[in-house]
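Q: prediction below, plus the sequence it came from.
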Amino acid sequence: MRIGKNLQKFLLVTIALFFAVSLLIRVTKFHNVLGFNRADIREKVVAITYDDGPYPPYTNQLLDVLDRYQVKATFFEIGRNIEKHPEIVPMIIARGNELGNHSYSHKDMMFKPREFLLSEIAKTDKLLLELGVKQDSISFRPPWGRRFVVLPYLLSQMHKKLIMWDVDSQDYEKTHSAEDIANRVIDNVRSGSIVVMHDGGGDRSKTVAATDMIVKTLQSKGYAFKTVSELLKN
């Protein structure tokens, strides 16, 4: 009898969630609910993104690699790291790259109250704007890509793009070599792909080396690189 009641509750909750998500999709743009994971284009263009910075010396080293190949990337920044290394943000801007919001404290944003979500977004936006970011609307990527109904809805109301990815480099896996990371990206990328990598959160020397390999190889295959906002304009 108890199992039957529990199953009944589960079904009711599932149905309620289904209708809630369906309603959200109807009242907002589809991409604002699920997020952009790639651009629907035929041109051989991709966007490389980096999460969890700014984080010296790896952010600085990545900027040097990108400059060497004359490509631009998008850096999704954590507010607390910006406070620790504010000098790096103007450097990223000056070298033609794009900045996005990756929350203030990098805490899981699933099932969090509205006030917490707004605070996490607003505090990092404020830091980025104070340091020279002049974008009309700073895009957002949640920690670990975890989001549910409330966060996408808030971002939609704030006219912010929710940016995800379709190629995970898995550069956070300690057992992966730089070659493993590079090959994973090279083998899975396609026209319009958004690649996620990391310039913070630990030793990212393998990410720096992998970036060199990725850009060099993809350029030889005819790919061009754009920031996320440039990619999504196509």
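A: The structure has been received and is ready for your questions.
Q: which one's the longest strand in the protein?
A: Ranked by number of residues, the top strand in the chain under DSSP state E is strand 45-53.
Q: show me what that strand is packed up against.
A: helix 58-69, strand 74-77, strand 194-198, helix 205-220, strand 224-225, helix 228-233 (3 or more Cβ pairs under 8 Å, 6 or more residues apart in numbering; DSSP states H and E). Bear in mind the C-beta positions are built from the backbone N, C-alpha and C, glycine included.
Q: now with 6 Å, please.
A: Under the contact criterion of 3 or more Cβ pairs under 6 Å, 6 or more residues apart in numbering; DSSP states H and E, strand 45-53 touches strand 74-77, strand 194-198.
Q: dump it to PDB, keeping only the CA atoms.
A: Provided in PDB are the C-alpha atoms of strand 45-53 (Å, rounded to 0.1, in the frame of the first residue of the first chain):
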ATOM      1  CA  VAL A  45      33.500  28.000 -37.400                       C
ATOM      2  CA  VAL A  46      33.800  27.100 -33.700                       C
ATOM      3  CA  ALA A  47      34.000  28.800 -30.300                       C
ATOM      4  CA  ILE A  48      36.400  27.800 -27.600                       C
ATOM      5  CA  THR A  49      35.400  28.700 -24.100                       C
ATOM      6  CA  TYR A  50      37.200  28.600 -20.800                       C
ATOM      7  CA  ASP A  51      35.500  28.300 -17.300                       C
ATOM      8  CA  ASP A  52      36.600  29.000 -13.700                       C
ATOM      9  CA  GLY A  53      39.100  31.800 -14.200                       C
END
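Q: domain-wise, how is this structure divided?
A: Domain ranges of the chain: 1-31, 35-233, per automatic domain parsing.
Q: show me how far stretch 63-81 is from its chain's centre.
A: Distance of stretch 63-81 from the chain centroid (Cα atoms, centre = their mean, to the nearest Å) equals 13 Å.
Q: err, stretch 202-213, not the other one
A: Taking mean C-alpha positions (Cα atoms, centre = their mean), stretch 202-213 and its chain are 17 Å apart.
Q: what pLDDT, on average, does the host helix or strand of residue 81 get?
A: Under the criterion DSSP states H and E, the helix or strand holding residue 81 is helix 79-84. Confidence for helix 79-84, expressed as mean pLDDT, is 98.
Q: repeat that for stretch 204-222.
A: Stretch 204-222 comes out at a mean pLDDT of 98.
Q: how far does that stretch sit from the chain's center?
A: Worked out by Cα atoms, centre = their mean, stretch 204-222 lies 19 Å from the chain centre.
Q: name the residues of that stretch that are buried.
A: Residues of stretch 204-222 classed as buried: 204, 206, 207, 208, 209, 210, 211, 212, 213, 214, 215, 218 (neighbour count, 16 or more other Cβ atoms under 10 Å).
Q: same deal with stretch 133-146?
A: Under 16+ other Cβ under 10 Å, the buried positions of stretch 133-146 are 133, 138, 139, 140, 141, 142, 143.
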